[in-house]
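Peer 1: Give me a model of this one.
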Amino acid sequence: MQIAKSDIGQRGAVLTLDGRLNMVSAPQLKTAVTNAVAEGRSQVVVDLSAVTFLDSSGLGALIAGLKAARQASGDLRMTGANEQVRTVLRLTNLDRVLRPYDTVQAATDGW
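Peer 2: This is a model prediction of the structure:
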């Protein structure tokens with residue numbers, strides 16, 4: 001998995017993921033979110049446009065990131081989720097907590 005980080009505004013960061021978000025790569029995402037929050041970037045958007053697969057470990061990493069961002073008075077939002085990712089979110093009812101947005105711009109509206 002490849003993760004690219006770009007800053008938006010004073011408190012925001014976009015993490016663009018490429019590959020499979022599974023038990024092998026989930027720790028990378030956790031570290032990337034933790035580092036962004038530690039840098040004062042507590043408003044995190046995770047761009048899943050190039051993620052081809054998501055499993056329970058990937059969901060756990062997203063939830064851990066959400067918790068870290070919210071503890072720093074921020075939020076974690078997702079964008080670009082494909083149908084497989086959206087299905088996993090719906091089946092686990094996590095789409096109520098991690099709502100997928102269509103674009104980074106839509107995810108950052110109101111920040």
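
Peer 1: Contacts for stretch 90-110, please.
Peer 2: 8-9, 12, 14, 43, 45, 47-48, 59, 62-63, 66, 76-81, 85-86, 88-89 (C-beta atoms under 8 Å, 6 or more residues apart in numbering). Heads up, the C-betas are built off the backbone N, CA and C, glycines and all.

Peer 1: Are any of those buried, and if so which?
Peer 2: 8, 12, 14, 43, 45, 47-48, 59, 62, 66, 76-81, 85, 88-89 (16 or more other C-beta atoms under 10 Å).

Peer 1: out of the residues you listed, which are inside helices?
Peer 2: Assignment to helices by DSSP state H places the following of the buried ones among the contacts of stretch 90-110 there: 59, 62, 66, 85, 88-89.

Peer 1: Turn those into TSV, including pLDDT.
Peer 2: Output for these, formatted as TSV (pLDDT from 0 to 100):
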residue	pLDDT
59	95
62	97
66	97
85	90
88	89
89	90
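
Peer 1: Bridge partners for the residue nearest the centre of the chain, pull those for me.
Peer 2: Centroid check for the chain by C-alpha atoms, centre = their mean gives residue 46 as the closest residue, at 3.1 Å. Residue 46 has these beta-bridge partners by DSSP bridges: residue 15, residue 78.
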